[in-house]
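In: A structural model of the following input is requested.
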Amino acid sequence: MILSTHQPYFCPYPGFFFKAMESDIFVLLDSVQFPRGTTWISRNRFKNDQGTLWLTIPVYKKGLGLQRIDRVRICYDGNWTGKHRESIRVAYGRSPYLEEHWPLMDRVFSGNYETLVELNLEVIGYVAHLLGVRAEILRLSELEIHTRGTALILEICRTLGADRYLTQ
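Out: Modelled structure (predicted):
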């Protein structure tokens, strides 16, 4: 059994999906601490004809202290959803498959997600399906594991039955 883990990034890089494709079980670490500062969980960069396009999903952080990733709420103040949608349309307007995948952009930037992890799971699930990822994708929050630190990965292995493959 190959078990791997990763935080639920916003529009993950190809290596994220390669890791999932090489796994039997892929656990998204959604109940660990949301990093302070900038993070790939709420931000990513895209290449376009003018260089780099950065897209950030605004989230509530101020005054909330340390938050788990699955509890981080999206801030819909301002018109960032429309700006992001337009930025993607301008950057990739001539791409041959944009229209085929545009419904995903409509869903992602619809304003219908309360939490960041819900939005990220929409993107991850869509791309995983397109790539034919066969791994079972689970959320750490669904496993009811409350271990932290270095023991977390071992406890995930025990909970999912992968510990029988560990060597002493």
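In: all helices for this structure, in order.
Out: With DSSP state H as the criterion, the chain has helices at 14-21, 80-92, 98-108, 116-131, 140-143, 151-159.
In: Tell me which residues are up against the shortest one.
Out: The set of residues that contact helix 140-143 without belonging to it, under CB atoms under 8 Å, 6 or more residues apart in numbering, is 5, 27-32, 68, 70, 156, 159-160. (Glycine included, C-beta is placed from N, CA and C.)
In: again, only this time at 7 Å
Out: 27-31, 70, 156, 159 (CB atoms under 7 Å, 6 or more residues apart in numbering).
In: repeat for the first one
Out: The contact list for helix 14-21 (CB under 7 Å, 6+ apart) reads 4, 6, 9, 26, 127-128, 131, 133, 135, 137.
In: Neighbour-wise, give me the winner out of those residues.
Out: The most crowded member of those, judged by other CB atoms under 10 Å, is Phe26 (24 neighbours).
In: quick one: contacts for it?
Out: Contacts of Phe26 by CB under 7 Å, 6+ apart are 4, 20, 135, 137.
In: for Val133, same thing?
Out: Applying CB under 7 Å, 6+ apart to Val133 gives the contacts 17, 20-21.
In: returning to that earlier point: take the contacts of Phe26 and keep only those in strands.
Out: Within the contacts of Phe26, residues falling in strands by DSSP state E are 4, 137.
In: hang on, the earlier thing: show me which pair in the contacts of helix 140-143 is furthest apart.
Out: By the measure CB to CB, Asp70 and Thr159 form the most distant pair in the contacts of helix 140-143, at 17.3 Å.
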